[in-house]
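J.: Build me a model from this:
(one chain, ligands or ions: 2)
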Amino acid sequence: MRPFPITDDIHWVGAVAWATRDFHGYSRSPFGTTYNAFLVKDEKITLLDTVEEENKDELFCNVASLLGGDLTRVDYIVVNHLEPDHAGCLVEAVERMKPEKIFCSPMGAKNIRSIYHHDDWPLEICPTGHVASIGKRTMQFIETRMLHWPDNMATYIPEEKMLFSSDAFGQNMATSERFADEVDRDKLLRALKEYYANIVQPFSPIVIKTLDALAKLNLDVEMILPDHGLIWRGQDCAWVLERYREFATAKPAKRALVIYDTMWHSTEHMAEAVASGIAAEGVPVKVMNVKNDHHSTIMTELFDSGALVVGCPTHNNGILPAMAGVLQYFKGLRPLNKVGGCFGSFGWSGESVKILAEWLDKIGVEMVGGDPIKVQNRPDHETFTRCHEYGRAIARELKTKIEAFS
Ligand SMILES: [Fe+2]
Ligand SMILES: [Fe+2]
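T.: Ligands and ions are numbered 1, 2, ... in the order given. Next comes the predicted model:
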């Protein structure tokens, strides 16, 4: 994509990664992504963030086209975040642009050496409150530690009422549009949730504190420019801040997710019976075979669900590997305020249900609905009835939890 003028002097100069599906090596981005970077043409020409190594030519061409082909006209580079999707071409950018200053957070300065192996760069270290002039405009820096790395910071330009927020408020979407109000809102919300659920979620308590700290700063913000996806402007700024508070608060939703793995369909049929019980209580439910979807897609479904019910047969005294992978992934993302249960079939030893219960405990899911259900070999009518009742009991306890939360 060619540079996009946000104002006369501020241009989007990033890259649109239409074909990207693998995000950070562990998450899936079904709509591609964008790596946003911004060039401010003031007395000091300032580049805010760079892009992933693979997309560097798009960035360099975009910047060069705005500077008469001369990349050395860039005076300052702001590194809001060291992760390679935003700083992967930083070494080459520094070599080609020869900036007078590189702005980064204190944690960024600590980590630049170990990530990019340079200790001779002209760093200006920017704790929260640090201010730098670029001519007619100033940059105010706000550390946003653990949102989602220790080094993350945001850059605020008060004269433009613009907050460059790094990964916060980003979404993985490859689009020709640049503003959030130009695309389908449902799809955008899904992408915002998917990003939060898979990248930001473990740090929800810090998100609340960061939102409170931002509110205290009382910044006049008319545009929030994240490093992925669409830019928020006007009323959308308040809208996205509110969505983040909602995500971080994690009020349990009246919705359940049943995930399972299966060998010869016994556990699969139990999953269907559990789901029928949940639905019978008026709680919408989704059933997913963990082998059919990427673990990050399943995580996004869980993010929207107040209950997680897990089924797996016993295999070699344990659980099946796809299920183990999903549960390990869930544990790391620390979902909040979920209830749930587990079930499974077995041939002879029958450890899976106990192992699933231990996983739910490690993930932080509160076990409800009574004893988990395990069945030897194939479930019969009586077992399906128990599964149905188990689903009903979990749904009832979810509804009680929702009432208690509000
Ligand atoms: Fe990041
Ligand atoms: Fe990122």
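J.: If we ignore the residues flanking it in sequence, what's nearest the residue in the chain positioned nearest to ligand 1?
T.: In the chain, the residue that lies nearest ligand 1 is Glu83 (3.8 Å; C-beta to the ion). For glycine as for every other residue, the C-beta is placed from the backbone atoms N, C-alpha and C. Among residues not flanking Glu83 along the chain, Trp149 sits closest, at 6.0 Å (C-beta to C-beta, 6 or more residues apart in numbering).
J.: Return the residues in contact with that neighbour.
T.: By C-beta atoms under 8 Å, 6 or more residues apart in numbering, Trp149 lies in contact with His81, Leu82, Glu83.
J.: Cross-reference the residues you listed with the helices and report the matches.
T.: If you go by DSSP state H, those have nothing in helices.
J.: Just to check, Asn62 is in contact with Arg2?
T.: Yes. Counting by C-beta atoms under 8 Å, Arg2 is a contact partner of Asn62 at 6.9 Å.
J.: Compare neighbour counts for these two and give me the winner.
T.: Taking other C-beta atoms under 10 Å, Asn62 and Arg2 do not tie; Asn62 has more neighbours (22 against 10).
J.: is it true that the more buried one lies in a helix?
T.: Yes. Assessed by DSSP: H, G, I helix; E, B strand; the rest coil, Asn62 belongs to a helix.
J.: For it, give its distance to Ala19.
T.: Asn62 sits 19 Å away from Ala19, going by C-beta to C-beta, to the nearest Å.
J.: so what secondary structure elements neighbour the top helix by length along the chain?
T.: Using DSSP H to define each element, the chain has its longest helix at helix 381-405. Helices and strands touching helix 381-405, as assessed by 3 or more C-beta pairs under 8 Å, 6 or more residues apart in numbering; DSSP states H and E, comprise strand 256-260, helix 266-280, strand 307-311, strand 339-346, strand 373-376.
J.: ok so, going back, and the residue nearest to Glu83, what element?
T.: Following DSSP states H and E, one finds Trp149 outside all helices and strands.
J.: who in this protein is up against ligand 1?
T.: Glu83, Asp167 (C-beta under 5 Å from the ion).
J.: Quick check: can you list the domain ranges of the chain?
T.: Per the TED database, the domain ranges recorded for the chain read 4-233, 256-398.
J.: Could you export those domains as JSON lines, including mean pLDDT and distance to Arg245?
T.: Listed next are the domains of the chain as JSON lines, based on pLDDT from 0 to 100; distance: least, C-beta to C-beta, whole Å:
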{"stretch": "domain 4-233", "mean pLDDT": "97", "distance to Arg245": "6"}
{"stretch": "domain 256-398", "mean pLDDT": "98", "distance to Arg245": "13"}
